[in-house]
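Novice: need the 3D shape of this:
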Amino acid sequence: MDVRAGLKAGLTAVLLWAASAAGALAQEEPGAARGVARLATAAQLADWGRERDDPGALILAARMVGEVPVRAQGEAAPFFTADALLDEALAMADGDPAYAAAIEVVRQDPTRGVVSSPYGDGPIATVKTMRAREAYGFDVVARPNEILRVAGIGDGDAPLDLVVREGSRVLCRSGLVDHYPVCTVRPRTGRVRIEVTNGGAIWTRVQILSN
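Specialist: Residues are numbered from 1 along each chain as shown. Okay, here's the model as predicted:
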């Protein structure tokens, strides 16, 4: 598959996924919430490219990731990054000069970087290393009655369970079937708890994102 065909195939996959995921809240989402959704979409596109040995899909996923500003927090640097995806695409391309040129263009994209957002410093990324069946939770204060989007991006080793609660009320829960669960909620008070569980039998790294 040449570069143009690969990028076109990747773009088609993104458009199909995005169309199926669109909801009634889409027009109301603040930029930070859209950023979290974009990162989750990019993770699925990257997996799609790995399954098909398609560097173009990984390049497109890297471009999507690079356009979302994130501020690293927690015990380690984020592992799902534009540079990591581009490195993977370069190795997959096996010296193809056209792919190498496309990768260099994305690396030099001046739109990448941390900017302000409706939620202070903008989308954050917290990386946790979780043992088998381990659960991790933390409390956040979000804007009441506005969209809060949370995503968990695993490293592909184990399925994740993502729960968002407001007091005793469960606002959203993903099943243990997804490596990239996403919850979109609108909390009444803004005080919510985010819980992620490693549903696998082995340890895994999880990048938790929220707007």
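Novice: mind jotting down where the strands sit in this protein?
Specialist: 71-74, 124-130, 135-141, 148-154, 160-166, 169-173, 182-185, 191-198, 204-210 (DSSP state E).
Novice: and the last one, average pLDDT?
Specialist: Okay, so that is strand 204-210. Mean pLDDT, computed over strand 204-210, is 81.
Novice: pretty sure Cys172 contacts Val185?
Specialist: Yes: Cys172 is within contact range of Val185, at 5.1 Å (criterion: C-beta atoms under 8 Å). Quick note: C-beta positions are derived from backbone N, CA and C, even for glycine.
Novice: mind listing the shared neighbours of these two?
Specialist: 150, 164 (C-beta atoms under 8 Å, 6 or more residues apart in numbering).
Novice: circling back to that earlier point, which one of the strands of the chain lies nearest to Asp96?
Specialist: strand 148-154 (27.5 Å; C-beta to C-beta).
Novice: the closest residue to Thr129 other than its chain neighbours and Pro181, how far apart?
Specialist: Distances taken as C-beta to C-beta, 6 or more residues apart in numbering place Arg205 nearest to Thr129, at 5.5 Å, with adjacent residues excluded. As judged by C-beta to C-beta, to the nearest Å, Arg205 and Pro181 stand 15 Å apart.
Novice: again with Ala77
Specialist: 22 Å.
Novice: buried residues of stretch 168-186, list them for me.
Specialist: 171-172, 174, 178-186 (16 or more other C-beta atoms under 10 Å).
Novice: redo the residues you listed as TSV? Include pLDDT.
Specialist: As requested, the buried residues of stretch 168-186 are exported to TSV (pLDDT from 0 to 100):
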residue	pLDDT
Leu171	95
Cys172	94
Ser174	83
Asp178	69
His179	78
Tyr180	81
Pro181	86
Val182	83
Cys183	86
Thr184	84
Val185	85
Arg186	87
